[in-house]
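Peer 1: A predicted structure for the sequence below; I have some questions about it.
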Amino acid sequence: MSIAKSLVLFVVAALFEIGGAWLVWQGIREQRGWIWVGAGVIALGAYGMVATLQPDANFGRILAAYGGVFVAGSLGWAMIVDGFRPDRWDVAGALVCLLGVALIMYSPR
């Protein structure tokens, strides 16, 4: 599997997990109802399925790398969906996390 395809899988998984968590948040915290919660649960399940398509056979490695994608993706989601403006430390932290993803997933072994 190419690095490009792996990166696409990370992005799709991030959209499902972050979007699913956001839907649950909206359903409960913003009182939008159980349909939002249910849609969130379905999206979170889809995240789990997409994550299994990564080429590496080590669950721990995939989940650890995904953590970095989640950090950066969450800030991006917050900017686009919620109007959040990260400060320079948020951006620096996200870049460090993405560097960690690259090291964990794509370093020669």
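Peer 2: Arrived safely, thanks for sending.
Peer 1: correct me, but G100 touches Y66?
Peer 2: No: if you go by C-beta atoms under 8 Å, G100 and Y66 don't touch, sitting 10.9 Å apart. Quick note: C-beta positions are derived from backbone N, CA and C, even for glycine.
Peer 1: buried residues, the longest helix out of those in the chain. List them.
Peer 2: The residue-count maximum for a helix in the chain (DSSP state H) belongs to helix 3-28. Neighbour counts over helix 3-28 (16 or more other C-beta atoms under 10 Å) mark 6, 9-10, 13-24, 26-27 as buried.
Peer 1: packing partners of that helix?
Peer 2: Contact here means 3 or more C-beta pairs under 8 Å, 6 or more residues apart in numbering; DSSP states H and E; on that basis helix 3-28 packs against helix 34-51, helix 59-82, helix 88-106.
Peer 1: try it again with 7 Å
Peer 2: Helix 3-28 sits against helix 34-51, helix 59-82, with contacts defined as 3 or more C-beta pairs under 7 Å, 6 or more residues apart in numbering; DSSP states H and E.
Peer 1: and stretch 88-103, what's buried?
Peer 2: For stretch 88-103, by 16+ other C-beta under 10 Å, it's 90, 94, 97-98, 100-101.
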